[in-house]
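> got a predicted structure here, sequence first:
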Amino acid sequence: MTAPPAPTATRRWWVLLVLCLSVLLVSVDNTIVNVALPTIGRELSASTSDLQWVVDGYTLAFAALLLLGGALGDRFGRRRVLELGLVAFAATSLLAALADTTGELVAGRAAMGVSAAAIYPATLALLVTTFTDRRERATAIGIWSAVTGLSVAIGPVTGGLLLEHFSWGSVFLVNLPLAAVAVVAGRLLLTESADPRRRRFDLVGAAASIAGIGLLVWTTIEAPGRGWGSTATVGGYLAAAVALAFFVVWELRRADPMLDVRLFGDRRVSVGSGAIALAFFSLFGFIFLITQYFQTVRGYDTLTAGLATLPFALVIGAVSPLAILAMRAVGTKLVVAAGLLTMAAGFALAAGTSLESAYWGRIVLAMVLMAAGLGLVTGPATEAVMGALRSEEAGAGSAVNDTVREVGGTLGVAVVGSVMSTVYGPAVVDALT
């Protein structure tokens, strides 16, 4: 397939709007369902384990299939895969909304994760092929990254508003009109792109990547409950390591690999991916704790707790485009390093939070620092990763970028949740005694 002609300047920014709407759909679904869990638990008589898998079923399928989703876009066309993913996402959202049992709901959520794995890498790949000028592309990636960060706060706020007036199924039904708009607008605005080389599909590599990443995410999700030193946890991590090692060896031996793992020899790819993983590890761990702090410790209802995270969304929305300007002025290394240090300062401030801490003091300042740091990291680090790739590798490259985000976030929730359970639980028992 030959490279498509570059869209006009105005059309390119309309294309970005469509891509941002698509990525917002799948990103918000990571957080919007959390506020509905108490209601789902009551109406479906769901256990704590059931509710955990309502969240984790989506995450597991999403993370495990991202590399495959990127590879399918490279092979069959990124616009085509994006459209199919959006249609499937709407259909599976409807199934989740109509679920009568927790088993049906978890299955629907897993199917939504499969659809999301087709959407997410296609958005970044299409962005890279649409914005061929590096300066414009960097700005577009900054906006795309801001939308991903905004979803952290938009999800709880939207979920809280919907639950004030509708049943829990509304948090899934809201996806239908948004997906329809994205499909229609994409059909009108997006230009098809794919890898011009005709290569055999790497079935073994796809299976190994799904097994390795799936086992890694599943083991991390289950580790807090089973114990970090349990046989199941240690065995799961060993099996994940074996599968991923096999994937690397297999890809190195192929003339036409699904993912050219030699790319990680480029520091722009390896360091950029590492920075993104660290940032999202920290972010998801913090969001996991702060939502519980707002509702359980301070007694906020779901809507108020969601609104309390809005400073985070506003700051990341403002800083992400500015980070690209800073990157052009002083370089990617300094901006990303400053972002990680700023996030660290926010976490250090948040560590001293107590019941008496003023919201419009320590708490908001901590969120502002974290959001500013995240905004400084994600755009420049993503641009570094994607800038190291050839256009035909855009799908697989964006899938790597998305996978480290998702796996980093999953590890953040699991590790921080385990630490909280280990430290906080016995402290409560001692205090009650």
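Happy to help now that I have it. Numbers count the residues shown, from 1 in each chain.

> give me the neighbour count for the residue lying closest to residue 126 once chain neighbours are set aside.
Distances taken as CB to CB, 6 or more residues apart in numbering put residue 78 closest to residue 126, at 5.1 Å, once the chain neighbours are dropped. The way it works is simple: take the backbone N, C-alpha and C, and place the C-beta from them, glycine included. Burial of residue 78 is recorded as 31 neighbouring residues (other CB atoms under 10 Å).

> swap in the one 10 residues further on?
Using other CB under 10 Å, residue 88 has 18 neighbouring residues.

> residue contacts, it?
Under the criterion of CB atoms under 8 Å, 6 or more residues apart in numbering, the contact list for residue 88 reads 111, 114, 115, 118.

> and what about residue 30, helix, strand or coil?
coil (DSSP: H, G, I helix; E, B strand; the rest coil).

> likewise for residue 46?
When the structure is reduced to helix, strand and coil (three-state DSSP), residue 46 reads as coil.

> can I assume it is in contact with residue 36?
No. Taking contact to mean CB atoms under 8 Å, the distance of 11.2 Å between residue 46 and residue 36 leaves them out of contact.

> more neighbours, those two?
Between residue 46 and residue 36, counted using other CB under 10 Å, the more crowded position is residue 36 (23 against 20).

> ok, the residue lying closest to that one once chain neighbours are set aside - contacts?
By the measure of CB to CB, 6+ apart, the closest residue to residue 36 outside its immediate chain neighbours is residue 168, 4.4 Å from it. Residues near residue 168 by CB under 8 Å, 6+ apart: 36, 39, 40, 43.

> number of nearby residues for the last one?
Taking other CB under 10 Å as the neighbour definition, residue 43 ends up with a count of 13.

> equivalent analysis for the third one, please.
Residue 40 is flanked by 21 other residues according to other CB under 10 Å.

> check what pLDDT it gets.
At residue 40 the predicted local confidence, pLDDT, stands at 87.

> that one: helix or strand, and which one exactly?
Here residue 40 is covered by helix 37-43, with elements defined by DSSP states H and E.

> for that helix, buried residues please.
Within helix 37-43, the residues that count as buried by 16 or more other CB atoms under 10 Å are 37, 40, 41.

> now do stretch 267-279
When neighbours are counted by 16+ other CB under 10 Å, the buried residues of stretch 267-279 are found to be 268, 269, 271, 272, 273, 274, 275, 276, 277, 278, 279.

> can you tell me what sits against it?
Looking at what lies outside stretch 267-279 - CB under 8 Å, 6+ apart - the contacts are 263-264, 332, 336, 339-340, 343, 373-374, 377-378, 381-382, 384-385, 387-389, 397, 400-401, 404-405, 407-408.

> touching, residue 21 and residue 185? I think so.
Yes. Using CB under 8 Å as the test, residue 21 is close enough to residue 185 to be in contact (7.5 Å).

> what's near enough to touch residue 183?
Applying CB under 8 Å, 6+ apart as the definition, the contact partners of residue 183 turn out to be 83, 86, 87.

> ok, so of the residues you listed, who is nearest residue 220?
Comparing the contacts of residue 183 against residue 220 with CB to CB picks out residue 86 as the nearest, at 28.4 Å.

> tell me which element that closest one is part of?
Residue 86 belongs to helix 78-97 when elements are defined using DSSP H and E.

> same for the helix or strand just after that helix, what does it pack against?
Following helix 78-97 in sequence order, the next helix or strand is helix 102-130 (DSSP H and E). Contacts defined by 3 or more CB pairs under 8 Å, 6 or more residues apart in numbering; DSSP states H and E place helix 102-130 against helix 9-28, helix 48-76, helix 78-97, helix 134-165, helix 364-387, helix 394-432.

> how far out from the middle of the chain is helix 102-130?
10 Å (CA atoms, centre = their mean, to the nearest Å).

> equivalent analysis for stretch 323-338, please.
The chain centre lies 23 Å from the centre of stretch 323-338; the measure is CA atoms, centre = their mean.

> endpoints of it, how far apart?
The straight-line separation of the ends of stretch 323-338 (CA to CA, to the nearest Å) is 10 Å.

> give me the mean pLDDT for that stretch.
Across stretch 323-338, pLDDT averages out at 90.

> now do it: everything it contacts.
Taking contacts as CB under 8 Å, 6+ apart, the residues outside stretch 323-338 that touch it are 135, 138-139, 141-142, 268, 272, 275, 339, 373, 375-381, 383-384.

> mind doing that once more with 6 Å?
138, 139, 142, 275, 375, 376, 377, 379, 380, 381, 384 (CB atoms under 6 Å, 6 or more residues apart in numbering).

> residue ranges with poor pLDDT in the stretch 151-300 of the chain?
Under the criterion of pLDDT under 70, the regions of the stretch 151-300 of the chain flagged as low confidence span 198.

> about what we covered before: a markdown table please, covering the contacts of residue 183 and showing distance to residue 202 and pLDDT.
Converted to a markdown table, the contacts of residue 183 look like this (distance: CB to CB, whole Å; pLDDT from 0 to 100):
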| residue | distance to residue 202 | pLDDT |
| --- | --- | --- |
| 83 | 23 | 95 |
| 86 | 25 | 96 |
| 87 | 26 | 96 |
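
> could I get the residues you listed as TSV with neighbour count?
Putting these into TSV (neighbours: other CB atoms under 10 Å) gives the following:
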residue	neighbour count
83	22
86	28
87	16
